[in-house]
Each structure stands twice: as C-alpha cells, then as structure tokens.
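# Any chance you could fold what I've pasted below:
(one chain, ligands or ions: 1)
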Amino acid sequence: MRFYKIQLLMLLIALISTVSLQAEDGSQLWLRYDRVSKEVAARRTISNQSNHVSAQLAAQELADYWSGQHVELVLDNQKRDLKDGFQINGNHEKLHVIAYQPVGLLYGAYHLLQKQQMGKKISDPIAIAEVPTFDLRVLNHWDNLDRTVERGYAGHSLWLWEDLPSKISPRYEHYARANASIGINTVVLNNVNASPQILTAAYLEKVKVLADVFRPYGIQVYLSANFSSPAIIGGLSDSDPLRKEVQDWWSLKAKEIYALIPDFGGFLVKANSEGQPGPQDYGRTHADGANMLADALKPFGGIIMWRAFVYNPTIEDRAKQAYSEFVPLDGKFRDNVIVQTKNGAIDFQPREPFHPLFGAMKKSNQMVEFQITQEYLGFSNHLVYLAPLFKETLDADTYAHGAGSTVAKMTDGTYHAQAKSAIAGVANIGEDTNWTGHHFAQANWYAFGRLAWNHTLSSSAIADEWIRATFNNEEDFVTPVKEMMLTSREAAVNYMMPLGLHHIFAFDHHYGPEPWGDIAGARPDWMPWYYHNASSDGLGFDRTKTGSNAVAQYNQPLRDIYSDAATCPETLLLWFHHLPWSYSMRNGNSLWDELCYHYDAGVQEARDFQKQWNGLEGYVDKERFSDVQQRLAIQAHDAVWWKDAVLLYFQTFSNQPIPSGVAQPIHRLEELKKIKLHLNHHN
Ligand code: GCV
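The predicted structure follows:
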C-alpha cells in the first residue's frame, strides 16, 4: 500500500513539473532571468552614481533581476588595467562592482545575474576581477542588403533595411543586450561579399540608427567594405589604392561616416578572394590596399580588419596560398590593420589543423576568424557544440616563440603588442524566433562570446553555464546534456570527415556528402576529389615533401611531426598524407577498416543523442523538447547518409569489405548519387 502511495506521489510530482514547464520559444536565449518581487526589491538597494547610459543599464538590470544583497556600482578612473572588465568585492551584505569603463559595470551586472541563475552562491568575502583576453570581440554578419544571409540557417537578416532609419525593431536592442551579456562588443553588420551600396549616404543613415541602439550596450559597429566602392558608387574611373583621387575618396567617406557615427569601428575587407575586387586588380599588394584604407580611418581611430582568406585556381595547394601571399607582407601593415585569418587554411571544415599564418606573421597584428554558423556542420539541423573546435585552434601551439606560443597568445597581444587585439566569429543569427534555428545553436553564439572574453575557459564550463541558463539547474538534466554537447563535435567529424578528410561536401551548399562530385569545367579546388585523392593506391592529400609540402609552412617541431605519418596525429592523418588502404593505424587496424569504424561510431553517437534526449522529456518544456527531438532525428538520418555515401564510394577504390561489426550500408551508391538538394546558397 505504502509502495503505491509513493508511486502515486511521484507520478503527481512528475505531472505537476511537466505541466508547470511553461511553453518556451527560445526567444529569451540564456537571459531567462526571473523578475524580482516588490518585497525583494525593497530589501536591497542598487546604487549607482554615474549617469552614463551603460552604468544606468547595469543598475536597471540589477534592480529588475538581482535578488541578493545590496550592490553599489563604482566607476574608478584609476583602474585602467581593468580595461572594459570589472572587479567585484564585498560580502553577504553588500557588493561593490567596480569598473574603469561604464560598460564594465554592465558586464559585472551580467556576471552577477549569471551566477544567480546558475544557483551559485557568491562567496563571502568575494574578490574577483575579470579582464577580457581580447579587446575586440567581434561578430561578422554575412547579411546582404536584400536580407538574405550568406550561409545563414536561421531565417532572414535581423536588419530591416527597408524600415530603417525611421522604424526601429525592438529586436535590435534584444540583440545588443544578448551580446553584451556575454561580452561581445563589436559587430560587422554586412556580408564580406559586400555590396558597395552600404557606403552610400542613404544606408549610412540606417547604420547610424543601429549604432545608436547598440552603443549603450558597449557595442561598436563596423562595416564590410567593397574595395571597388570609389568606382562603383563614387563614379571614379577605378579604385587603385595608390591613386590620390581614390585615397581622397576614402578619406572623405571616412569623414562622412564619423560625422554620423563618432565611435564607428572601421572596415572589414575581403579583397581579391572568390571574385571580390581588391588591390591586385591594379597590380598592388594586400598591404597597399589595407594601408590605404587604414590611413583614411587613422585620424578617427578606425581599424581595418583585412581578411587573409585568399586562394586562386592555380597549381599551388589551396592550403598554402594565404601563407604564400601574406608572409612576404609581414611587417608591412599599418598598426591599425589587423590581418583576419580563418582558423584553418582551407575553409571552416569539421576539423583542420590551425592556419600556419598564425605561427608565421610575427610582425603583424593578427586575429582568428571562426565560423559560428554551421555551413559545414549540418546547418541548423545538427546539434554540434563548437566550443571544442574553437578551443582546438586557440590552444594549438604554433611554436613561433618556442613551446607555448598558442594561437590564442599569438593574437591576444601576449607576443605582439597590438593596439587592439581581436577575435571574430561568423554569426549564426537570423530573424527566427529562437535567433539561431536550432535551440542548441544558441550555445555556439554563447560559447564564442565567452571564449572571446576568456579563452582559457573550458568547453565544459561554458556548456555548464549555458545549459543552466537556457534550460534548468537539475543535475539529472545538466549532466547528460553536457555530455551530449561535449561529444557532438567529434561525432560530427566521425560521420562526416574523420582522420583528416576534408571538403568532400556536396557542391555549393555544403550540406550532404558528395565525395564523387565532379562538375565538368569547374575549379578543381572546389571539387571533392582535389581534397581526398582517392584511388586504388589509397586516400588523402600528400602535403609532405613528396607532395605539396604544405608541412613546411609550420614551425618545428610541427613540421617533422606532421611530415611523418607515424607521428602525425591520426585526427589529421589524411590532411597531410596520402596512404594506402592497407596502412596500419596505431591500433593495428588498416586505414580502410579504421575509416569504417569512425563512420560507424559517428552514426552510433548521433543515435545516442536521440536516446539521451528522449530520456529528458520531463525536464524541458514541450516546445523546445520536440523541436530538438525532431532535429536530432534529422541528424541521425544524415549521419547514416554520410556513412553510406562515403564508404560506398571509397569502397570502389579500396575494394575491401566493410568489416563485420560495422552496420552494412542501407543505401545503394547509385541512389545516393542521384540526391540533389536544391538548397538556397543564401538561406
Ligand atoms: C562569404 C566560404 C563560403 C562563402 C564565404 C567565403 C568567405 O567559401 O562558402 O560563402 O563567403 O567562405 O569566407 O569569404
């Protein structure tokens, strides 16, 4: 009898908790703070002496949501070392949030609210200081003026250009608040494939309105500039950076922009890359182009972020080209130019070794560009938590200044004093109600911001914060979800491109597998065979001395480590080596068998995510639960598609059976080859 009573009680509790889980659409992101009651508000004071709008915002956030002790916000102009960070001192009765810059108070306020959300006690006494590791924590929007988003999977652009400047969407402020809550302080509004129109007077008026909305949240606006703007919108005969008329045009343009937006950040430029115009159109170098723009912005304190994502269909290995072009220019860039380099040398693949430029350009300001949007990682259908990918690059040792010269330290000012250190992520944000399409893609926006603030944080700690803030603090929920997130990147590598394979995606949209892809007349470096080199002799890209010798672009001892298949990390094996199918891996498996096991493991992992999530139904509101559930089903389905497509295709070269213990393909290669997804490149 007693047993039944307990069971009944448990059932009741379960029912009540499910019913009380309010429907949620994800629009609040990780900012699901509970508003304090009048009683709580009356019990504690939030004091603030500053009338700076960011300080006032900080006070307001705490007044609305802080249920702890008294808080005093203090601006201290002696504490220059805090930069835009903060200090929190005090005890269980009163806290002092101290900052050098007003926005530091806002960051301090969000820090307190986050601790409260996570159910963390503020220790007594408390004395902490947080100074961000990068000065500029940048989101790159690849948003076009027609509101399509290149590689965007969360709907159209947030920027309603047609409505601006007169109509201001409330989402602009929500967006700014979300960014500020994780320390993001710089946004590039438009696509690097830039329309020159963004620099016309009409658009600058619209940009000004956005900058005004973002400013209180400490966010500075940058624009992507089209290098041919002087010719296209200025009516000049060309845009040669060494011509006085062109230089004057940019100087005047800078003056016009700063008159409207006094704290305008600067320009991001994609030049002579994938058909974009640039200084090379006039026989000039990247340094000539970047420096000309840097000189135009210098009087106003502006910065040029100049991308190193350059490659042409030449015989030189694509992975080597950025290094070949940029290393000779090292030391030739102005101090307000930052060379912005993608994390890897090809293009945001599921796994790449870090870009060799990070270890080579010791006399130039450099910054990493990550891709938060999942162009090559299942769009907004797959759950892939990217902090481990970001960390892998940031923590990679370049050996530029001996052991320990990590990519993070090569870009955060440790070795090369930069006027401003910076880090960028290509945004995954669109007008979808939940901002990012997949609810778990919010975690990637969050993780980018947190790592930009502090690159020493662990992927696990960041996931922990995000899960608690976005869902709940129940350990039985947090633990399995964290585990799922932390294994998800490796799972995706397994079912898409394990062991250093890369770029075997379907042409153009980059969603599914197409290792057989070959379009007559197309650029070889856009074709999968260029990268996998499958033949009856084996698989992989020989980047050692016997091949393209891309290994030579890495510092010692990496060059030797990568050169020898026996010492090359197996995660990167086929990136650097072309090996026979029978090659013996460190565990004794042949390369072919090992490949099969990796794909199989990826499928199993994707299926495990489904099982894990299904067991968590009672902990999440129905809406978000079933949305994630449906996407996990797509992911598991896609994982099988990837495995079958790649293994069946490579089997035509290996001529070996799929080992027993690995699930046999359920598709036929000929059927898979017929799949043609008509996914819009832009959306
Ligand atoms: C913005 C890749 C993407 C392009 C993108 C380009 C870039 O090639 O597929 O969509 O263009 O990178 O980063 O410039």
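# Name the residues of the stretch 101-250 of the chain found near the ligand, please.
For the stretch 101-250 of the chain, the contact set with the ligand under Cβ under 6 Å from any ligand atom comprises 142, 150-151, 192-193. The C-beta positions use only the backbone N, C-alpha and C, and glycine is treated the same way.
# Filter the residues you listed down to the buried ones and hand me the PyMOL line.
Here is the PyMOL selection string for the buried members of those, based on 16 or more other Cβ atoms under 10 Å:
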select buried, resi 142+150+151+192
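# Distance to A463 and secondary structure for the residues of the stretch 101-250 of the chain next to the ligand - can I get that in CSV?
Formatted as CSV, these follow (distance: Cβ to Cβ, whole Å; DSSP: H, G, I helix; E, B strand; the rest coil):
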residue, distance to A463, secondary structure
W142, 26, coil
E150, 28, coil
R151, 24, coil
V192, 29, coil
N193, 33, coil
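# which one among the residues of the stretch 101-250 of the chain next to the ligand gets closest to Q22?
R151 (33.2 Å; Cβ to Cβ).
# which one of the residues of the stretch 101-250 of the chain next to the ligand sits closest to K206?
Set against K206, the nearest of those by Cβ to Cβ is W142 (17.9 Å).
# What degree of burial does W453 show, as a neighbour count?
W453 sits with 22 neighbouring residues when counted by other Cβ atoms under 10 Å.
# From A469, how far out is it?
15 Å (Cβ to Cβ, to the nearest Å).
# before we move on, what about A506?
According to Cβ to Cβ, A506 and A469 sit 36 Å apart.
# ok, the two, which is more surrounded?
A469 (22 against 18).
# Mind pulling up the pLDDT for that one?
We have a pLDDT of 98 for A469.
# Do I have it right that it meets Q117?
Yes. Using Cβ atoms under 8 Å, A469 makes contact with Q117 at a distance of 5.0 Å.
# Common neighbours of the two, please.
R32 (Cβ atoms under 8 Å, 6 or more residues apart in numbering).
# What mean pLDDT does stretch 197-207 get?
Confidence for stretch 197-207, expressed as mean pLDDT, is 98.
# Return the set of buried residues in that stretch.
Buried, per 16+ other Cβ under 10 Å, within stretch 197-207: 198-199, 203-204, 206-207.
# Go through those and flag which are in helices.
The helices in this structure, assigned by DSSP state H, contain 203-204, 206-207 from these.
# Just send those back as JSON lines, with distance to F333 too.
Listed next are those as JSON lines, based on distance: Cβ to Cβ, whole Å:
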{"residue": "Y203", "distance to F333": "28"}
{"residue": "L204", "distance to F333": "26"}
{"residue": "K206", "distance to F333": "31"}
{"residue": "V207", "distance to F333": "26"}
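# Closest to E594 out of those residues?
E594 lies nearest to V207 out of those, by Cβ to Cβ, at 51.7 Å.
# what about the closest one, distance to S584?
58 Å.
# Same check on I198?
Between I198 and S584 the computed distance is 55 Å (Cβ to Cβ).
# Same question for V426.
Per Cβ to Cβ, V426 is found 39 Å from S584.
# Next: G359.
Per Cβ to Cβ, G359 is found 31 Å from S584.
# still on that earlier bit, neighbour count for V426 and S584, which is higher?
It is V426, of V426 and S584, that has more neighbours when counted by other Cβ under 10 Å, with 24 against 14.
# so that one makes contact with F370?
Yes. Using Cβ under 8 Å, V426 makes contact with F370 at a distance of 7.1 Å.
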